[in-house]
Each structure stands twice: as structure tokens, then as C-alpha cells.
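Colleague: Predicted model and sequence follow; I will ask about them next.
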Amino acid sequence: MDLTVHIPDELVAHLGGESVHDQLERRAQEAFALGEFKANRLNKVQLRKMLGLERIELDGFFKAHGVYEEYTVEDFEHERQALKALGF
């Protein structure tokens with residue numbers, strides 16, 4: 001699906017100008033996708049697919065946008081037990 005967003009000409013210059021059209025398009029796409037992820041309407045796999053990111057790139061994307069996942073003691077313990085079961 002293609003989506004068109006109208007940005008008034010006077011704001012285009014403020015946002016980076018016509019020469020950065022692709023950058024504005026990407027920024028809008030990332031902002032929309034991230035908002036949907038934060039609202040729990042997209043999961044990580046869907047977010048990656050929407051943005052064309054590889055799995056390894058997702059952490060960098062989150063870091064660049066100030067998104068940090070909550071990692072609890074319970075999460076750590078679960079991972080520790082899983083590694084222990086695998087012999088690590």
C-alpha cells in the first residue's frame with residue numbers, strides 16, 4: 001500500500017528541503033512504524049518487515065530512536081535457565 005502525506009511547502013524547507021525528499025519519506029515511514037510498534041499494533045517481525053530491516057539491525061534502530069526494552073530479573077532468570085538446559 002502506498003500512502004501520501006501532504007506537507008505544506010513552507011514546512012518542507014524547514015524539514016530539510018526538496019533535496020532530502022527520500023530522507024523525509026523514510027523518516028515519516030520510521031515514525032509511523034515506531035508509533036504502531038509502541039502502541040502494540042506491530043510486533044518486532046512486522047516492524048522489521050515494514051522498514052526492510054534485518055534482524056541484527058533492529059537493535060540499532062531502537063537505540064537510534066531512544067527505544068529500550070524492559071528487561072526484568074525474571075527475563076534474565078528465564079534466559080539463564082534456558083542456557084543452563086543447553087549446557088552453557
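Modeller: Okay, I see it. Owing to the predicted nature of the structure, the values given are computational and were not obtained by experimental measurement.
Colleague: Dihedrals phi and psi, residue 39?
Modeller: Note on residue 39: backbone dihedrals following degrees, to the nearest 10 are phi -90, psi 10.
Colleague: low pLDDT regions in this protein?
Modeller: Applying pLDDT under 70 to the chain flags residues 17-20.
Colleague: Would you mind finding the longest helix in it?
Modeller: In the chain, with assignment by DSSP state H, the single longest helix is helix 21-38.
Colleague: Who are the packing partners of it?
Modeller: On a contact count with 3 or more Cβ pairs under 8 Å, 6 or more residues apart in numbering; DSSP states H and E, helix 21-38 meets helix 44-51. For every residue, glycine as well, the C-beta is placed using N, CA and C.
Colleague: Can you give the distance of the helix it packs on from its chain's centre?
Modeller: In this view, helix 44-51 has its centroid 8 Å away from the chain centroid, taken as Cα atoms, centre = their mean, to the nearest Å.
Colleague: who does that helix touch, helix- and strand-wise?
Modeller: Checking 3+ Cβ pairs under 8 Å, 6+ apart, helix 44-51 ends up next to helix 21-38, helix 55-64.
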